[in-house]
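Undergrad: Attaching a predicted model along with its sequence, questions to come.
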Amino acid sequence: MRRWLKAVVLNLYQSHGVRYFGAGGALGFDTLAAETVLELRADWPALRLILVLPYPGQEERWAREEQRRYQAILERVDKVVYTAPRYAPGCFHVRNRHLVDHAGWCIAYLTRDRGGTAYTVAYAKSRGLRVVCWPQTDVGIFSLSH
């Protein structure tokens, strides 16, 4: 998946002029995506990473290794945006909508047709964003050539 993410980010940068990448700071795909942008920035310094986080301290209950990875990302990002001052019901939904509302593309890891990621991808499509998913799905995803 990391190789796929590198290819997507580089294609968006080189072929579509995308310089700014937002990530939601969650465990899993968000972490991998953020690390990928930061890794690519060594060769393409114009790339920028913005973390859009649901609230400060979201990582406090994570395993130590995940907290370490998260802190390493935080130390290297270009900007951090918090969508709420503290945890509240719905804060992850607000974070996801903020990511979509400030984007032209959506890169997602989508394996189910329900849940937060599926909702966010559907919302992105409804807002006219071009969507690229891993693994490729049949949910009307645009290819990078469009």
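TA: Everything's here; your move. Numbers count the residues shown, from 1 in each chain.
Undergrad: Next one: the residue sitting nearest the centre point of the chain from residue 70, what distance?
TA: The chain has residue 23 as the residue nearest its centroid, 3.0 Å off, counting by CA atoms, centre = their mean. For residue 23, the distance to residue 70 (CB to CB, to the nearest Å) stands at 11 Å. For every residue, glycine as well, the C-beta is placed using N, CA and C.
Undergrad: follow-up on the earlier one: for the residue nearest to the centre of the chain, which residues make a bridge with it?
TA: residue 51 (DSSP bridges).
Undergrad: Provide a list of residues in contact with it.
TA: Residues near residue 23 by CB atoms under 8 Å, 6 or more residues apart in numbering: 30-31, 33-34, 37, 49-52.
Undergrad: For residue 38, see how far away it is.
TA: Distance from residue 23 to residue 38, by CB to CB: 10 Å.
Undergrad: who touches both of those two?
TA: In contact with both residue 23 and residue 38: residue 49, using CB under 8 Å, 6+ apart.
Undergrad: Output the below-cut-off pLDDT ranges for the chain.
TA: 136-146 (pLDDT under 70).
Undergrad: Let's see that with 50 instead.
TA: Where the chain drops to pLDDT under 50, the residues are 138-146.
Undergrad: would you list every one of the strands in it?
TA: 20-23, 48-53, 79-82, 105-109, 130-134 (DSSP state E).
Undergrad: Assess the claim that residue 1 and residue 32 are in contact.
TA: Yes - Residue 1 lies in contact with residue 32 (CB atoms under 8 Å); the separation is 6.7 Å.
Undergrad: helices and strands around the lengthiest helix in the chain, which ones?
TA: Counting by DSSP state H, the longest helix found in the chain is helix 2-16. In terms of contacts (3 or more CB pairs under 8 Å, 6 or more residues apart in numbering; DSSP states H and E), helix 2-16 is packed against helix 29-40, strand 105-109, strand 130-134.
Undergrad: How far does it sit from its chain's centre?
TA: 13 Å (CA atoms, centre = their mean, to the nearest Å).
Undergrad: Begin at 7, not 1, for the rest of this chat.
TA: Okay, residue one is now 7; in that scheme the one you just asked about reads as helix 8-22.
Undergrad: Cool, thanks, talk later.
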